[in-house]
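K.L.:
starting from these lines, generate the structure:
(3 chains)
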Amino acid sequence: MNFGEKITGWYHIHKRDLPWRKTSDPYLIWLSEIILQQTRIEQGMDYYFKFKNAFPVVHKLAMASEDQVLKLWQGLGYYTRARNLHKAAKQIVELHNGVFPNNYKDVLQLPGVGPYTAAAITSIAFGEPYPVVDGNVMRVISRIFGIETAIDSTDGNKEITTLMNKWIDKNDPGTFNQAVMEFGALYCKPANPECSACLFKEDCYAYKNKIVNELPRKNGKVKTKKRYFNYLVIISKETNETWLQKRTEKDIWQNLYEFPLLESHNTMSEELLQKKIDQSGFNGQQVKIQKTVHDYKHILTHQHIYARFFVLWLTPHHSDAFMKAMGFKSAFTVKIQNIDQYGISRLTDRYLKENKLNEAST
DNA sequence: CAGACGTGGGT
DNA sequence: TACCCAAGTCT
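P.N.:
Next up is the predicted model:
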């Protein structure tokens, strides 16, 4: 069986018409690859166009601020990708004179670019013979060739890479790579694969042995943690302002903005918050919890966040003292109508969309 | 090398 | 509901 010929033949007939397949610009191919890491095409598509429009060339991206890049990335998740994208653009301008590097070794040096992405970019844009090994490829190869080694192990990855190296078309590695991925996305899917219509029916180890649903094998899974986020939505009606702060810790949503946050080990009641305020040294009489918006359960891969938003009304003068007493050192005021200029998480975005801050009087 | 890191869709 | 997973990388 000539796997390479068969799968590229299939690809020429079945491939989807995707925007980043219409270009040979390594910058745009890189952009699409970063956006598509761990992300479905339907989910990343809009972002590809947004970034392409805002930053048509790498130089423009390098000139932007990180805040601008994160704002545009808002809602896509895995925000490290956005920060690295920006960092890499600056690096290309400074180290490569604004010209996108044209070989595997140099591309691999860019922040946010690992073995998969470097292989994808250089094979597609420059015809370098490096095989891609992503989730699709691991699934397709492990099923057809019967790799039973766990794919989330070093050995498993190595076995897949060896087979891809064996079959890659040195004359057109980009097409071969995309063919395997496309086949994994459209036919050899994780659940309910199209085995009855599959051109590898006669060859596929998993199909012949009736273990399609057991391959690829995987080892580990991680436990999910519960976290309790208590946001303080502080409203100064006199100035139409609220307070925000930037998440600078090495944690989720790094460098995005949010309301001042009190994280706790358990649910925080209004009474408990009131108590914390009293204990802060701030005169608790001057602040009243107007309302509490709770029941926001925000689900991340390995974290369940139970969030509630306490709405507090304070005069500008009192809110200043309040923030100081409560220990929010880096928080700052912002006009309510300007909040949408800040990059925020889906959770904060959802709250904002469902609650009008300046109509909090009811 | 195990654990982090988002979001949304499917079963 | 809970769990899986999607064109991975970094620490």
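
K.L.:
distance check, residue A:241 against DNA strand C.
P.N.:
36 Å (CB to the nearest atom of the strand, to the nearest Å). Just so you know, the C-beta spots here come from the backbone N, C-alpha and C atoms, and that holds for glycine as well.

K.L.:
now swap in residue A:213 and tell me
P.N.:
9 Å.

K.L.:
also residue A:16?
P.N.:
On the measure of CB to the nearest atom of the strand, residue A:16 and DNA strand C end up 7 Å apart.

K.L.:
what about the nearest residue to that residue once chain neighbours are set aside, which helix or strand?
P.N.:
The shortest distance from residue A:16 to any non-neighbouring residue, by CB to CB, 6 or more residues apart in numbering, is to residue A:182 (7.0 Å). Per DSSP states H and E, residue A:182 falls inside helix A:173-186.

K.L.:
can I get that helix in PDB, CA atoms only?
P.N.:
Provided in PDB are the C-alpha atoms of helix A:173-186 (Å, rounded to 0.1, in the frame of the first residue of the first chain):
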ATOM      1  CA  PRO A 173       5.600  17.800   1.700                       C
ATOM      2  CA  GLY A 174       3.100  20.500   2.300                       C
ATOM      3  CA  THR A 175       0.400  18.800   0.400                       C
ATOM      4  CA  PHE A 176       1.200  15.400   2.000                       C
ATOM      5  CA  ASN A 177       1.100  17.000   5.500                       C
ATOM      6  CA  GLN A 178      -2.200  18.800   4.900                       C
ATOM      7  CA  ALA A 179      -3.700  15.600   3.300                       C
ATOM      8  CA  VAL A 180      -3.100  13.500   6.500                       C
ATOM      9  CA  MET A 181      -4.500  16.200   8.700                       C
ATOM     10  CA  GLU A 182      -7.500  16.800   6.400                       C
ATOM     11  CA  PHE A 183      -8.200  13.100   6.300                       C
ATOM     12  CA  GLY A 184      -8.200  13.000  10.100                       C
ATOM     13  CA  ALA A 185     -10.500  16.000  10.300                       C
ATOM     14  CA  LEU A 186     -13.100  14.800   7.700                       C
END
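
K.L.:
quick check: phi and psi on the closest residue to DNA strand B within the stretch 101-250 of chain A?
P.N.:
Per CB to the nearest atom of the strand, residue A:154 is where the stretch 101-250 of chain A lies closest to DNA strand B, at 4.0 Å. With angles defined as degrees, to the nearest 10, residue A:154 sits at phi -60, psi -40.
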